[in-house]
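# Have a look; sequence and predicted model below, questions after that.
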Amino acid sequence: MKKWYESLFENYGKKYDNESFTKGTIGECDFIEKEIDFDKSLKIIDIGCGTGRHSIELTKRGYNIIGIDLSDSQLKQAKEKAKAQNLEIEFQKHDARKLPFKDDFDLAIMLCEGGFCLMETDEMNFEILRNVAKSLKKSGKLIFTTLNGLFPLYHSVE
């Protein structure tokens, strides 16, 4: 039996890149570059990379990045998109709560719905943060976004 997230992303994944929030990818990557002073020597992990939109854009800009995701269907799309653009990007399947890395990365990014809003408990979210911290070098940095629970309510009021 498939995990719930795999069923979700098999169907939603095909529409994902057409969602309005994906239009912010360029600006989000501009922000990341400024935060890391355009240092292309840094090793970056994109946690919850989905279809690879940030991994692909940052690779185009010359950064060394690995994308990880829990969803096979999202990773498949990310690999296909990178290949279509003649980009070599390493994409791996990992659960962000059980990352196999230790002191490997200078920067971790976890943008949009890269993890937090998909977790069912606060403890699961804390486990992601513990694993990200373990994966980063001592001077490493985490850039992440999370969804605001009040967003749908705010936009439903006229």
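Received it, and whenever you're ready, just let me know what you need.

# helix, strand or coil for residue 96?
Under DSSP: H, G, I helix; E, B strand; the rest coil, residue 96 falls in the coil class.

# can you check residue 124 too?
helix.

# Per-residue confidence, the residue nearest to it when sequence neighbours are not counted, what does it come out as?
Closest residue to residue 124 apart from its sequence neighbours, by Cβ to Cβ, 6 or more residues apart in numbering: residue 97 at 6.2 Å. C-beta coordinates here come from the backbone N, C-alpha and C atoms, glycine included. Residue 97 is assigned 90 on the pLDDT scale.

# Isn't residue 97 up against residue 129?
No: Residue 97 lies out of contact with residue 129 (Cβ atoms under 8 Å); the separation is 9.7 Å.

# What is the burial count for residue 96?
A count of nearby residues for residue 96, using other Cβ atoms under 10 Å, gives 26.

# An error on my part: the question was meant for residue 88.
7.

# wait, it sits on residue 82?
Yes: counting by Cβ under 8 Å, residue 88 touches residue 82, with 7.4 Å between them.

# Find the residues that touch each one of these two.
residue 59 (Cβ atoms under 8 Å, 6 or more residues apart in numbering).

# Pull out the buried residues from stretch 130-147.
Within stretch 130-147, the residues scored as buried using 16 or more other Cβ atoms under 10 Å are 131-132, 135-136, 140-142, 144.

# Show me the helices in the protein, by range?
In the chain, the helices defined using DSSP state H lie at 4-16, 25-35, 53-60, 72-84, 122-135, 151-156.

# Let me see the mean pLDDT of the third one.
Across helix 53-60, the average pLDDT comes to 97.

# Equivalent analysis for the fifth one, please.
Confidence over helix 122-135 (mean pLDDT, whole number) is 89.

# Kindly report the same for the last one.
Confidence over helix 151-156 (mean pLDDT, whole number) is 60.

# again with the second one
Averaged across helix 25-35, the pLDDT comes to 95.

# helices and strands around it, which ones?
Packing partners of helix 25-35 (3 or more Cβ pairs under 8 Å, 6 or more residues apart in numbering; DSSP states H and E): helix 53-60, strand 136-144.

# export the buried residues of stretch 130-147 to CSV and tack on distance to residue 50?
CSV is the format used below for these (distance: Cβ to Cβ, whole Å):
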residue, distance to residue 50
131, 18
132, 17
135, 18
136, 21
140, 22
141, 21
142, 18
144, 14
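
# And those residues, which is closest to residue 23?
residue 144 (19.6 Å; Cβ to Cβ).

# Perfect, I'm done here.
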